[in-house]
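> Dropping a prediction and its sequence here:
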Amino acid sequence: MSLPSTPAKKLGCFKVSSCKCIMKDGSGVINLKAMGDAEGFLGHLEHLPAEKMAGGVEMLVSFSPCLPFSQPEDLPGRNCSNVAACVAVRYHKLDRYIIQHISYGRHEGNEFHYNDSLKTLSVSYFVHDEWPLTVVHYHCNPNQSFSTMREQSLGAEGPLQIWVESPCACPNACAMGDLGLGTIFLIILSISAAAYFILGSCALRPLRSSSGVQMSPEHSVWCMLCYLCTESRPPPRPYTHLPQ
């Protein structure tokens, strides 16, 4: 007699947006928005080691896991406009420093790949080509209190690699970052609409007439509301005469 086989555990993380994915085994949600700072950056102008880099050349990388940014902010027509990753190359030429900004991927069209054995979510960011320019590896580390870029490197032919240690890379670890302004607005709108219909059904009384059903105010409800408002007000302080 053969025992029934147990269904195989579903692995991976299903992408629902450029900032969030849901674990296929039902263990929760990984939210990248909760990893950035107040401006959305996970790393801003961090030193970037690179292979075959000429002497006197310095490379700095900025990365935002969810919010697009632009560098430099005050230069129109810049190459790093609304990007997820940007590399600034700084070098000395003709007695002055020259800085060139290069886009290394956008949030639109990024791809999610989850490694269950390593507890790591790898996200690839593209520009226009089919090959990613940046691959960020978010490692689930519940022992950390905040997210940090542990290491970053740029190979001669491969993409920009970034390794991140974060408690928010663990499913459902940072669910509060999922509430945006739109979600809060919808919650307030739903509560207001429910209160409007409940109060309207209590404060109006249907009356049937020859022309149809009409709604008339329920005087007892409105009088009760006015009474409660007046009762909630603090009593006036007694007026006392000051001695002459």
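Ah, there it is.
> Would you point out the helix or strand in the chain whose mean pLDDT is lowest?
strand 212-217 (a mean of 60; mean pLDDT, DSSP states H and E).
> Now whichever strand or helix holds Gln152: buried residues?
Using DSSP states H and E, Gln152 sits in strand 148-154. For strand 148-154, the neighbour count (16 or more other Cβ atoms under 10 Å) marks Met149, Gln152, Leu154 as buried. No exception for glycine: its C-beta is placed from N, CA and C like everyone else's.
> Disregarding residues adjacent in the polypeptide, which is nearest to the second one?
Read it as Gln152. Using Cβ to Cβ, 6 or more residues apart in numbering and skipping the chain neighbours, the partner closest in space to Gln152 is Ile162 (4.7 Å).
> Contact partners for the one you found?
For Ile162, the contact set (Cβ atoms under 8 Å, 6 or more residues apart in numbering) comprises Gly43, Val61, Phe63, Ala85, Thr134, Val135, Val136, His137, Met149, Glu151, Gln152.
> Looking at those residues, which are in strands?
Gly43, Val61, Phe63, Ala85, Thr134, Val135, Val136, His137, Met149, Glu151, Gln152 (DSSP state E).
> Give me the ChimeraX select line for those residues, limited to the buried ones.
A single ChimeraX command is used to select the members of these judged buried by 16+ other Cβ under 10 Å:
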select :43,61,63,85,134,135,136,137,149,152
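> Which residue ranges make up each domain of this structure?
For the chain, whose domains are defined here by automatic domain parsing, the residue ranges read 13-174, 181-232.
> which of those domains is buried the deepest?
Greatest average neighbour count among the domains of the chain goes to domain 13-174 (a mean of 17), per mean count of other Cβ atoms under 10 Å.
> how long is it from one end to the other?
Across its full length, domain 13-174 reaches 16 Å between end residues, using Cα to Cα, to the nearest Å.
> and it, average pLDDT?
Average pLDDT, domain 13-174: 89.
> thinking again about what came up before, A strand includes the residue nearest to Gln152, no?
Yes: checked against DSSP: H, G, I helix; E, B strand; the rest coil, Ile162 lies within a strand.
> change the start of the numbering to 339 and stick with it
Sure, I'll start numbering at 339, so the last one becomes Ile500.
> Quickly list what it is bridged to.
Residues in a beta bridge with Ile500, per DSSP bridges, are Val474, Gln490.
> Give me the distance between it and Val474.
Applying Cβ to Cβ, to the nearest Å, the value for Ile500 to Val474 is 4 Å.
> Between these two, which contacts overlap?
Phe401.
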